[in-house]
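Engineer: give me a 3D structure for the following:
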Amino acid sequence: MLCFCPCPLIFGPPFSPSLPTGDDDQFEKDTTIGIDEALSAIGLGRAQYLVCTAMLLSHLAMGMQIINMVFTQQPAVILCHNCTDINTADELEICQMSSPRYEHQVPSIAAEWNLVCSQQWKLQFASMAFFAGFWVGVGFFGYLCDKKGRRWTFFCTLSGCLLTSFASAVAPSYLIYLIARAATAACYAGWGLASYVLLVEFLPSQYVAKAAGVCGVMFAVGECLVPLIAYGLPEWRGVICITTLFTVPFAFYFWKCPESPRWLLSTGQHAQAQRVLADVCHVNNIAPLAASLRPCLPTQHPGSLWSIVRHPALLKTMVSQMYLWFCASFLYYGLSLNVGSLAGGLHLTAFIAAVVEIPSCLAIPFVLDCLGRRRALVLTYQVAGFCCIMFALLPSLPSLATPLAMLGKLAITAAFTGIYVWTAELFPTDVRSVSLGVCSQAARVGGITAPLVLLLSDTTSVPFLIWGLSGLVAALMCLLSRETHKQRRFNTVQEYVCYMHTPELEVCPELCPEQEMEVCPEQEVD
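Structural biologist: The predicted structure follows:
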């Protein structure tokens, strides 16, 4: 699985930095360094490339599993047995046939379990069950990711992904298929969350934006592969099996995958974090760090939302980020469903729809680094919002409306990729996974809500106007969260609150001992 590593092509060639030694003057007074300094000093090497490759390929597999429902749940068109032209048959008569014949014998669950006519709603319900499972998974496994660790959650959910995916492929009935698909979504949601957090926390800060962009690209590549697989193997059970096979190789990575040193440090496992960094130096064939890691304030409530709610500054950040995630999904799925039908069949349409996301994912890392996280997100939400509003004002000019809709989709795709980076950097390590999980749950609500807006009007003007205004409000909401580009990242909530209250201090425990954290700081952090 890891014999070819594309990461050097993305992040640059390996380098061995000038590592500090015990004789260096800069370490005569202080022999400890922070986790950010340690990761930057180690730089990039074989160990980081192996982790990056595995985590990025996991997003490819996740993209394949999500998009395969387009082909496994496609509607079946029934034909009349007793007439040569379906237009001459009565619709009620066709729906009452005991053994209907299907156009082109579409090999989907609709054809196998007769989900047509009055039973066709079950196709949409299967999609809703999948996203409902995804909503549950990001919340539940986000909590476990902070409580039990990134590595433990990664392989726990990986096992669930394999079991539930193959169970849905051999499901003998619609009910079992429904339950298996909901469980599959929950497991893949936790797997993707754990892999992304592990990737972000294993890299130096300057490479996080690029990593998020490549995650989006790999997800889109996975979406591109599914139409090709479905074209060569149209039977729906085969499509699920083939797409699930891309997940199997990760089981052999169990013995090589390291735990996040940031998570180990935030949970008080200082020796284990030091050992992980020593192993990284060994694999990269460089000298180990002479300075030891600086301990951080141990977290009191690892993976607990209460740690966020009890601090006004973090709570304000959480509320604003939840809306940004909701709006990103709201606009993304709204535009995806209403851009218009592309020329060609289902396979070509699905392929093109995935390809158009790649340029945004490639460009957004450079925009994030050039403009900063907050400015970049303000720009992308503004562009998406204005495109939707202009589309609503120009419904009778398709020559302008279609390019505006495509530009809006590119902008909101970039925003969706960038918000992953910003949210991961805004929250401390001990609540990072649960924060991403809650924000991802808000995004699932946005995805479910987007199609419902179409019921408000018979034309596309009103829905696009609502989506556009939501995008502009999201651009304003970005101003409620702090900039994180080239800023310090925190390991615990206690460290965050204390440091933000007294930013001139380098070592937080000197001011805020653990036993005084309930009353420190005395005033609200901005």
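
Engineer: skipping adjacent residues, who's closest to Y174 in space?
Structural biologist: Counting by C-beta to C-beta, 6 or more residues apart in numbering, Y174 lies nearest to W113, which is 4.9 Å off, once chain neighbours are set aside. For glycine as for every other residue, the C-beta is placed from the backbone atoms N, C-alpha and C.

Engineer: now do the phi/psi pair for the one you found.
Structural biologist: With angles defined as degrees, to the nearest 10, W113 sits at phi -110, psi 20.

Engineer: pretty sure it contacts S173?
Structural biologist: Yes. Applying C-beta atoms under 8 Å as the test, W113 and S173 come out as touching, 7.3 Å apart.

Engineer: show me where the stretch 51-200 of the chain has helices.
Structural biologist: Read by DSSP state H, counting those that start in this stretch, the stretch 51-200 of the chain holds these helices, from start to end of the chain: 69-72, 91-95, 109-112, 121-148, 150-169, 174-202.

Engineer: confidence-wise, which of these is weakest overall?
Structural biologist: When those are compared on mean pLDDT, helix 91-95 scores lowest, with a mean of 52.

Engineer: quick revisit: and the helices of the stretch 51-200 of the chain as a markdown table, adding mean neighbour count and distance to C388?
Structural biologist: Written out in a markdown table, the entries for the helices of the stretch 51-200 of the chain read as follows (neighbours: other C-beta atoms under 10 Å; distance: least, C-beta to C-beta, whole Å):
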| stretch | mean neighbour count | distance to C388 |
| --- | --- | --- |
| helix 69-72 | 23 | 24 |
| helix 91-95 | 12 | 36 |
| helix 109-112 | 22 | 33 |
| helix 121-148 | 21 | 22 |
| helix 150-169 | 21 | 35 |
| helix 174-202 | 24 | 28 |
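
Engineer: ok, which of those comes nearest S307?
Structural biologist: Taking C-beta to C-beta as the measure, the helices of the stretch 51-200 of the chain were each checked against S307, and helix 121-148 came out nearest at 9.6 Å.

Engineer: what is the neighbour count of T449?
Structural biologist: Per other C-beta atoms under 10 Å, the neighbour tally for T449 reads 14.

Engineer: returning to that earlier point: now render the helices of the stretch 51-200 of the chain as JSON lines, adding distance to L346.
Structural biologist: Written out in JSON lines, the entries for these read as follows (distance: least, C-beta to C-beta, whole Å):
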{"stretch": "helix 69-72", "distance to L346": "7"}
{"stretch": "helix 91-95", "distance to L346": "22"}
{"stretch": "helix 109-112", "distance to L346": "13"}
{"stretch": "helix 121-148", "distance to L346": "14"}
{"stretch": "helix 150-169", "distance to L346": "20"}
{"stretch": "helix 174-202", "distance to L346": "20"}
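
Engineer: so for G334, which of the ones you listed sits nearest?
Structural biologist: Across the helices of the stretch 51-200 of the chain, closest to G334 is helix 121-148 (C-beta to C-beta), at 14.8 Å.

Engineer: name the SS class of P295, please.
Structural biologist: Look at P295: counting by DSSP: H, G, I helix; E, B strand; the rest coil, its state is coil.

Engineer: strands of the stretch 251-400 of the chain, start to end?
Structural biologist: Assigned strands in the stretch 251-400 of the chain, in chain order: 292-293 (criterion: DSSP state E, counting those that start in this stretch).

Engineer: for it, just list every one of the helices.
Structural biologist: 261-266, 270-283, 306-309, 312-338, 346-355, 358-371, 373-393, 398-426.

Engineer: nearest to R374, out of the helices of the stretch 51-200 of the chain?
Structural biologist: helix 174-202 (18.0 Å).

Engineer: what angle do the closest one and helix 398-426 make?
Structural biologist: Between helix 174-202 and helix 398-426, the angle comes out at 60 degrees (axes from the mean of the first three to the mean of the last three C-alpha atoms, to 10 degrees).

Engineer: would you check that F250 makes contact with L162?
Structural biologist: No. When contacts are counted by C-beta under 8 Å, F250 is not listed as touching L162 (9.1 Å).

Engineer: looking at W113 and S173, which one has more neighbours?
Structural biologist: Neighbour tally, W113 and S173, criterion other C-beta under 10 Å: the higher count belongs to W113, 17 against 10.

Engineer: and that one, how far is that from A171?
Structural biologist: W113 sits 10 Å away from A171, going by C-beta to C-beta, to the nearest Å.

Engineer: and if you look at L245?
Structural biologist: When distances are taken as C-beta to C-beta, L245 and A171 turn out to be 18 Å apart.

Engineer: the two: which has the busier surroundings?
Structural biologist: When neighbours are counted by other C-beta under 10 Å, A171 comes out ahead of the other of L245 and A171, with 20 against 14.

Engineer: and that one, what does it touch?
Structural biologist: If a contact means C-beta atoms under 8 Å, 6 or more residues apart in numbering, then A171 has Y177, A180 as its contacts.

Engineer: try Q120
Structural biologist: The neighbours of Q120, taking C-beta under 8 Å, 6+ apart as the test, are P75, A110.

Engineer: from V356, how far off is it?
Structural biologist: Here the criterion is C-beta to C-beta. By it, Q120 lies 29 Å from V356.

Engineer: now M322: closest residue in space that isn't a chain neighbour?
Structural biologist: Take M322 and drop its neighbours on the chain: the residue closest to it by C-beta to C-beta, 6+ apart is A442, 4.1 Å away.

Engineer: which helices and strands sit right next to the host helix or strand of that neighbour?
Structural biologist: Mapping A442 onto the secondary structure by DSSP states H and E places it in helix 432-452. Counting contacts by 3 or more C-beta pairs under 8 Å, 6 or more residues apart in numbering; DSSP states H and E, helix 432-452 is packed against helix 121-148, helix 174-202, helix 312-338, helix 398-426.

Engineer: which one of those helices lies closest to T53?
Structural biologist: Between T53 and those, the shortest separation by C-beta to C-beta is 10.1 Å, and it involves helix 174-202.
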